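Enquirer: Output the structure for:
(2 chains)
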Amino acid sequence: MSTIELSPAASRSGEFHHPVVNDFSIQVATINGSGSQTANSVLMRAIFQMGVPVSGKNMFPSNIQGLPTWFTIRASKHGYIGRKKEVDFLVAMNPETAREDVMKLDSGAAVVYDEPLKLDSLRSDLYFYPVPFDKLVGPVCPEAKLRKLVRNMIYDGIVAQLLSIDMEEIHKALLKQFGKKKAKAAELNWGACQAGYDFAVKNFTKNDPYRIERMNATTGKIIIEGNSAAALGCVFAGVTVVTWYPITPSSSLVEAMIGYLKRFRIDPETGKATFAVVQAEDELSAIGMVLGAGWAGARSVTSTAGPGISLMSEFVGLGYYAEIPGVIFDVQRVGPSTGLPTRTAQGDIISTALLSHGDTRHPMLFPRSPEECFSMAVEAFDLAEHFQTPVFVMIDLDLGMNNWMADPFEYPTKPIQRGKVLTAEDLERLGGFARYKDVDGDGIGYRTLPGTNHPHGAYFTRGSGHNEKAQYTEREDDYVNNLDRLSRKFETMRTHVPAPVIDYKPKAQVGLIAFGTSHYPVEESRDQLRSEYGIETSYLRLKAYPFNKELSEFIRRHQRVYVVEQNRDAQMLGLMRLECTAEEIARLRSMRYYGGLPLDARTVTDDIAGQEGK
Amino acid sequence: MSTTVTQPPKKVNRLGLEVLSYKGAKTTLCAGCGHNAISERVIECFYELGVQPWNVAKFSGIGCSSKSPAYFLGLSHGFNGVHGRMPSVATGAMLANRTLLGIGVTGDGDTASIGMGQFMHLLRRNLPFIYIIEDNGVYGLTKGQFSATADLGSKLKTGVINDLPPFDCCALALRCGATFVARSFSGDKRQLQTILKTAIVHNGLSVIDVISPCTTFNDHEGSTKSYSYMKEHDEILNELDFVPFYDDISVEIAEGEVQEVELHDGSKLRIKKLGRDYNPSDKFDALKAMEEAAKKGEVLTGVFYVETHKPNFMELLNLEDVPLATLPESKVRPPREVLDQVMEELR
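Expert: Reported below is the predicted structural model:
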């Protein structure tokens, strides 16, 4: 039987007396396809159930089985749920990466590892816990075929014991994970957990400082992926036509939506569907269907990632110019080209804002959390119909595919907004209409839907030049008037899209701007900048494009403003340059990260402190 | 002495609408273009069958053919989209409102080259929709390049000879799921009318390939899509007669001579065999006849295939009978309790 490796670190007396409670990260290194996702989710959920703020990040390969994958769980009593750069507690299950994983650790980290890997010989400044996983799995899993999957549950028991995670919570999380239908599988896995726990009790003396203690900071909260939250938002937004083409990391958004639609949107009276879902032949077709459906009055949506956005380019220009509502989710991943399909980025900002040829500009929403994925999905449909234009909801892989702790979603308070649509009665009263006439001065014309029961209801939609009455034209003045009206419409949007969230600090000379998931590292980095460098910062979190007037005011109130984003070319800053004055532009600085992992606070802090000359 | 001038009563259809209500804008296509004749047939057929114009939606892609929806049914909504991708726009619109009667006009470039992918997938879905290919074997709007339906060995005005084989859109339609497949010639008024009327009432996807000569770029000697070539090589597959449901005429049909197909609304398509042993509900018969005709340099026209019982796309999707587009909030936004329930599950 193994003995505990009493590493030299243990001689650094004093550390034992300063336990690190609810403020560390656990990384599990496994091989994809080995069923580790279940074990990791159970571990995360158990910590969540103990009331400790927690986040989980899956770093996985574009592969079905056999390549390295890492899952990081962060427990944070301060409520920081961005990725933590440093790994404090490693579970090394993958022989391929174990050495590198161990070598990267900071001094004082703990390592649970598969005994035959003999990792303890690599470093003398870590706490090692060897576990003979193969020996342990046999007795708890008689069926050899299942051992590869069950083996991972053993580390849940080991980790629970070492970190003082309540085994009852592990059991509860396990039952939740497997559901009532898979009670037998849950039983088998519970056996493995217990075996791990018992082994740790018998063989390990706790040396490392990390532990979980009960808190009360997760009461009432839920755990959900951003993609599922967006899917629910669409269902409650009253989506009726859904089209898609499978692509990582957006597929799970539509798959979740299909699940919810089948449960909640079959008309109980007729037994028929109040929605249509079409898996299209490609993204070109998916967006074509969205526009056709939006034109005919449906609430239509598609979901894709960068490569799909590129393919949709021509159609989106048509949607802009012919003024057709539609909602497009872009769950961003690392590009260009195939790039890193399973890694996260905020890299489609400029290409989406200006998607298509000619003068085009599109509204974008930037949710940062599952709550906002839900609420902005609802908002996106209202905006699309109000402004009769394609609206993009810019998620990213980190938000879309990872599990997040969130507050329960609020039921939409506003009735569904269908925009300026004339009915047969309206037409009877008005005697007719001009589709692209700016009647109200907001740049938004009135439209009719095909099938409107009136002889004067029809108009002809085209991507070619058209005048106010939707007639074909190549006249210079018609063309310019129409494009100028489209600009006015875009200006109107500025006051309709969600305003930024701003935190002004009276004495701050430095401002930070971020959006989407960059919010979490920035929030944490502000505390680090204050406590470590004495730099006080104000913060503006963007929620939408076009920018609102608050943006330039924020820039003008600070000497230096850092735009934090997850792409190489400072894309959001680039969009700001198109609109800001020279004086404002001179104040803008950039902080970028584009390595494919979720951005972490330490990277933000180091970069900004460096630029501040600290 | 005074005389009373009596206006002759205006001619109207069963909805009380004049033919004027079915016309569109003045055509901007070339004089003699086959597409204009097709537009005329569309106007006549929708008028004669008494289709409500504002319940029709027209779709097209890009090209000369795709301009033509502006020239018929001016009281119907129209959508002139992007090149080769009319099928997806039409599919979306028809899903949004299944009560619409959808008609799409496309060309051989729009369908058989840039739009081949969308055409194929439209076929698979059997969307209830009329898909007319105005087929002239040439790109007119870009001034005379070969399209993918140009026959092998056919010649451009400039003398260039086509050395690639053509796609036969009817054969593809037949093979990939369309439930009404026909070919006609823009110069054959009666045949085209009958085929169009059948398509209007057919409950499924109708593909009509209409040879429509381009007088400017492809109506010369050496072209196989010219008026003169069609006059010499148009081989009529079957003689057709359309009986609308409201014309309750019972006709004695000679056994074996005429096949009667009952369509969705009770209208009937009567197909008279012309000496061939040919069954329009047998795909193999159709493919064989096409192949044989092609070998002889003939252009076979008529109804190749009709299938009236295959479920269409809306039926497969189990859609509500009423348009999705106009469902009230109470039908499309689940109640608060549903959200509460989901939140509880996620705790």
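
Enquirer: Ignoring the adjacent residues along the chain, who's closest to the residue in the stretch 101-250 of chain B that chain A sits nearest to?
Expert: Of all residues in the stretch 101-250 of chain B, residue B:121 sits closest to chain A, at 4.3 Å by Cβ to the nearest Cβ. C-beta: built from backbone N, CA, C; applies to glycine. Here the nearest residue to residue B:121 in space, its sequence neighbours aside, is residue A:281; by Cβ to Cβ, 6 or more residues apart in numbering or on different chains that works out to 4.3 Å.

Enquirer: does that neighbour belong to a helix or a strand, and which?
Expert: Using DSSP states H and E, residue A:281 sits within no helix or strand.

Enquirer: I figured it hits residue B:118, correct?
Expert: Yes. The pair residue A:281 / residue B:118 is scored as a contact, 7.2 Å apart, by Cβ atoms under 8 Å.

Enquirer: Comparing the two, which residue is more hemmed in?
Expert: The neighbour count for residue A:281 versus residue B:118, taken as other Cβ atoms under 10 Å in any protein chain shown, is higher for residue B:118 (27 against 18).

Enquirer: Make sure that one is indeed in a helix.
Expert: Yes. The assignment for residue B:118 is a helix, going by DSSP: H, G, I helix; E, B strand; the rest coil.

Enquirer: need the contact list for it.
Expert: Taking Cβ atoms under 8 Å, 6 or more residues apart in numbering or on different chains as the criterion, residue B:118 is in contact with A:281, A:284, A:285, A:288, B:84, B:85, B:86, B:87, B:88.

Enquirer: ok, back up a step: what does the model give the residue nearest to residue B:121 for pLDDT?
Expert: On pLDDT, residue A:281 comes in at 98.

Enquirer: Could you do the one 4 residues further on as well?
Expert: Reading off the per-residue confidence, residue A:285 sits at a pLDDT of 98.

Enquirer: residue contacts, it?
Expert: Here residue A:285 is in contact with A:243, A:245, B:85, B:87, B:88, B:91, B:117, B:118, B:121 (criterion: Cβ under 8 Å, 6+ apart).

Enquirer: Are any of the residues you listed buried, and if so which?
Expert: Among the contacts of residue A:285, the ones that count as buried by 16 or more other Cβ atoms under 10 Å in any protein chain shown are A:243, A:245, B:85, B:87, B:88, B:91, B:117, B:118, B:121.

Enquirer: wait, which of those is closest to residue A:111?
Expert: Nearest to residue A:111 out of these is residue A:245 (Cβ to Cβ; 42.4 Å).

Enquirer: Any idea how far stretch A:148-156 is from the middle of the chain?
Expert: Offset of stretch A:148-156 from its chain centre (Cα atoms, centre = their mean, to the nearest Å): 28 Å.

Enquirer: what about it, average pLDDT?
Expert: Rounded mean pLDDT across stretch A:148-156 is 92.

Enquirer: that older thread, just list the residues touching the residue of the stretch 101-250 of chain B closest to chain A, thanks.
Expert: So residue B:121 contacts A:280, A:281, A:285, B:87 (Cβ under 8 Å, 6+ apart).

Enquirer: And residue B:39, by the same measure?
Expert: Residue B:39 neighbours (Cβ under 8 Å, 6+ apart): B:24, B:27, B:68, B:71, B:72.

Enquirer: Quick one: low-confidence residue ranges for the stretch 51-200 of chain B.
Expert: In the prediction, the stretch 51-200 of chain B carries no residues with pLDDT under 70.

Enquirer: Tally up the residues packed near the residue nearest to residue B:90 when sequence neighbours are not counted, please.
Expert: Distances taken as Cβ to Cβ, 6+ apart place residue B:59 nearest to residue B:90, at 4.3 Å, with adjacent residues excluded. Residue B:59 has 30 neighbouring residues, counting by other Cβ under 10 Å.

Enquirer: List the neighbouring strands of the helix or strand containing residue B:59 plus their orientation.
Expert: Using DSSP H and E, the element containing residue B:59 is strand B:56-60. Neighbouring strands of strand B:56-60 in its sheet, by DSSP bridges, are strand B:77-80 (parallel), strand B:101-107 (parallel).

Enquirer: Show the subsequent helix or strand relative to the first one.
Expert: Toward the C-terminus, strand B:77-80 is succeeded by helix B:86-96 as the next helix or strand (DSSP H and E).

Enquirer: Run the angle between that next one and strand B:56-60 for me.
Expert: 160 degrees (axes from the mean of the first three to the mean of the last three Cα atoms, to 10 degrees).

Enquirer: residues in contact with residue A:422?
Expert: A:430, A:433, A:446, A:447, A:448, A:452, A:457.

Enquirer: Pick out whichever of the contacts of residue B:121 sits closest to residue B:266.
Expert: Using Cβ to Cβ, the contacts of residue B:121 come closest to residue B:266 at residue B:87, 28.7 Å.

Enquirer: Distance-wise, check that closest one relative to chain A.
Expert: Residue B:87 sits at a distance of 8 Å from chain A (criterion: Cβ to the nearest Cβ, to the nearest Å).

Enquirer: likewise residue B:347?
Expert: 5 Å.

Enquirer: The residue nearest to that residue when sequence neighbours are not counted bridge partners, please.
Expert: Spatial nearest neighbour of residue B:347, excluding adjacent residues (Cβ to Cβ, 6+ apart): residue A:222 at 5.5 Å. Applying DSSP bridges to residue A:222 gives these bridge partners: residue A:406.

Enquirer: Off-centre distance for the strand holding residue B:59?
Expert: For strand B:56-60, the distance to the chain centre is 11 Å (Cα atoms, centre = their mean).
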